[in-house]
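Visitor: Need a 3D model of the following:
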Amino acid sequence: MKKNLLISLLSIILIFSVVGCSSGKNNEGASGGEDGDNTMKFISEDTADESDASIIMGLTEENTEANIELETVLQTNLMQKIQLLTASNDLPELFKYESNQLGDMIDNEQVLDLEKTFTDLGIYDRLNPGAVDLLKSLSGDRGLYALPVELNIEGFWYNKQLFEENNLEVPTTWDEMMAVSEKFKEKGIQPFAVAGKEKFPITRLINGYVIRYYGADAMKQVRDGELSIKDKGFVEAAKIVQDMNVKGYFGQGVNTIDYDTASNTFLQGNAAMYYMGSWALNEFNDENVNKIGIDNIGFFNIPLVEGGKGTINDYSMNAGLTLSFSKQKYDEQVGEWMKEVFSNYGEKAISERGLISGFKVENMPEDVSPLTKTTLEKIESVENTALWFEGYFDPKSKTVAEDGAQNLLNEGITPEEYVSNLEKSLKSAK
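Guide: Prediction:
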């Protein structure tokens, strides 16, 4: 009987030992592990078959033994998700974020210095110098702590056929663009597709006028206290964008129109123009989505403002949501993975997705669409870059700018009230 009891006790101990070992291994795998399981956690707004996430996942599978555990978070919730993880000191190995909001993480040494890391890995020369300068500026000149997994110029995409059929020239000044818009409206054609529900497309239009009025460094001047956001040019910008909606140039219910709806409106031939960044090439190059055809899409830069300081070779540029890394979780294995993936990222992004990134492309694929090639050429011609309207804003002022822009279109506030509210918010943040 004692022998049987001893056997039973040994069996129970063995069972708990096995369960305990199994549980420990599973937990390590979910969090990245420290036993060499090579699993890294990646938080992104994309799924595994979308945009830059698909490139990272594909290169990981093809060239490394690492495993990526991808968590997809809605873009509207992404900032909050990462901020919560930052507060608990539990950032994942890699994550997408807004590069101009990384300041506190950099100061608290929570994110990886990528200039040093890429230099140590021997791949710093794979980065586009212009993209590096842009991201350093967005970090408040702290350094490079984000990777430009996409690089975009912004401007107006237009339907060539609609312009030709209506004998209209591509506008070079803001006044000409308003005249073209009025002619389209008279013919029953919606001039612009605008995703007002997303808010940023409205502030991008305000910014377009501002950088042509004051020059590419307008928002930097505001940040440095050299220019008041209540100045005449900002009021004019808010007024003209408000008038564009009042006149019906944005169609009906603009503040209810989301990104996909606006994109489809343009790509199905129901709007003549569409202000957006070159990340939209993803949809333009997709034959299942683009019903007007890739050859029917043209591009023109933000038109000039009469008497303004901006030039036609100044482009509004951004790197979209960028990729950052936890300094705490960086180790030799992560470094080896980074070297393999980002040595080949530029070519892979453009060949598989038609995605322009801030990584150099040494060998241009032959099957890249003409529109993508043209966009690359325009990026190479850029003389001065301008940030988007909220590029230097604190989170609260960003909200004031974007929510106020929707209210502006609905005539809930005047242009003067819009810029006054912004000034108050910016002052309170200092």
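Visitor: For the rest of this, base every contact and every neighbour count on C-alpha atoms.
Guide: OK.
Visitor: For residue 350, which non-adjacent residue is spatially closest?
Guide: Spatial nearest neighbour of residue 350, chain neighbours left out: residue 356 (5.9 Å); criterion: CA to CA, 6 or more residues apart in numbering.
Visitor: Residue 200 now?
Guide: residue 402 (6.3 Å).
Visitor: What residues sit buried inside the helix or strand containing that neighbour?
Guide: Per DSSP states H and E, residue 402 falls inside helix 395-409. For helix 395-409, the neighbour count (16 or more other CA atoms under 10 Å) marks 397-409 as buried.
Visitor: picking that back up, quick one: residues contacting the residue nearest to residue 350.
Guide: 150, 151, 152, 278, 279, 346, 349, 350, 372, 376 (CA atoms under 8 Å, 6 or more residues apart in numbering).
Visitor: repeat that with 10 Å
Guide: By CA atoms under 10 Å, 6 or more residues apart in numbering, residue 356 lies in contact with 52, 148-153, 278-279, 281-282, 319, 346-347, 349-350, 372-373, 375-376, 379.
Visitor: Which single one of the buried residues of helix 395-409 is nearest to residue 143?
Guide: Distance to residue 143 across the buried residues of helix 395-409 (CA to CA) is lowest for residue 398, with 22.7 Å.
Visitor: The closest one contacts residue 421, correct?
Guide: No. Using CA atoms under 10 Å, residue 398 makes no contact with residue 421, being 11.5 Å away.
Visitor: pLDDT score for residue 88?
Guide: We have a pLDDT of 96 for residue 88.
Visitor: no, scratch that, I was asking about residue 17
Guide: 37.
Visitor: what's the burial count for residue 73?
Guide: The burial count assigned to residue 73 is 16, neighbours taken as other CA atoms under 10 Å.
Visitor: Contact partners for the closest residue to residue 112 other than its chain neighbours?
Guide: Nearest residue to residue 112 in three dimensions, chain neighbours excluded: residue 327, at 4.4 Å (CA to CA, 6+ apart). By CA under 10 Å, 6+ apart, residue 327 lies in contact with 91, 92, 93, 94, 105, 106, 109, 110, 111, 112, 113, 114.
Visitor: Would you reformat those residues as JSON lines and include secondary structure and distance to residue 415?
Guide: Below are these laid out as JSON lines (DSSP: H, G, I helix; E, B strand; the rest coil; distance: CA to CA, whole Å):
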{"residue": "91", "secondary structure": "coil", "distance to residue 415": "40"}
{"residue": "92", "secondary structure": "coil", "distance to residue 415": "42"}
{"residue": "93", "secondary structure": "coil", "distance to residue 415": "44"}
{"residue": "94", "secondary structure": "strand", "distance to residue 415": "41"}
{"residue": "105", "secondary structure": "helix", "distance to residue 415": "35"}
{"residue": "106", "secondary structure": "helix", "distance to residue 415": "36"}
{"residue": "109", "secondary structure": "coil", "distance to residue 415": "41"}
{"residue": "110", "secondary structure": "coil", "distance to residue 415": "40"}
{"residue": "111", "secondary structure": "strand", "distance to residue 415": "39"}
{"residue": "112", "secondary structure": "coil", "distance to residue 415": "41"}
{"residue": "113", "secondary structure": "coil", "distance to residue 415": "41"}
{"residue": "114", "secondary structure": "helix", "distance to residue 415": "41"}
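Visitor: mind putting those residues in CSV, pLDDT and neighbour count included?
Guide: As requested, those are exported to CSV (pLDDT from 0 to 100; neighbours: other CA atoms under 10 Å):
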residue, pLDDT, neighbour count
91, 97, 25
92, 98, 23
93, 98, 24
94, 98, 23
105, 97, 17
106, 97, 18
109, 97, 13
110, 98, 19
111, 98, 25
112, 98, 22
113, 98, 19
114, 98, 18
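Visitor: so how far is residue 283 from the residue positioned nearest the centre of the chain?
Guide: The centroid of the chain falls nearest to residue 320 when counting by CA atoms, centre = their mean (1.8 Å). Counting by CA to CA, to the nearest Å, the gap between residue 320 and residue 283 amounts to 16 Å.
Visitor: just residue 392 next, same as before
Guide: Distance from residue 392 to residue 283, by CA to CA: 29 Å.
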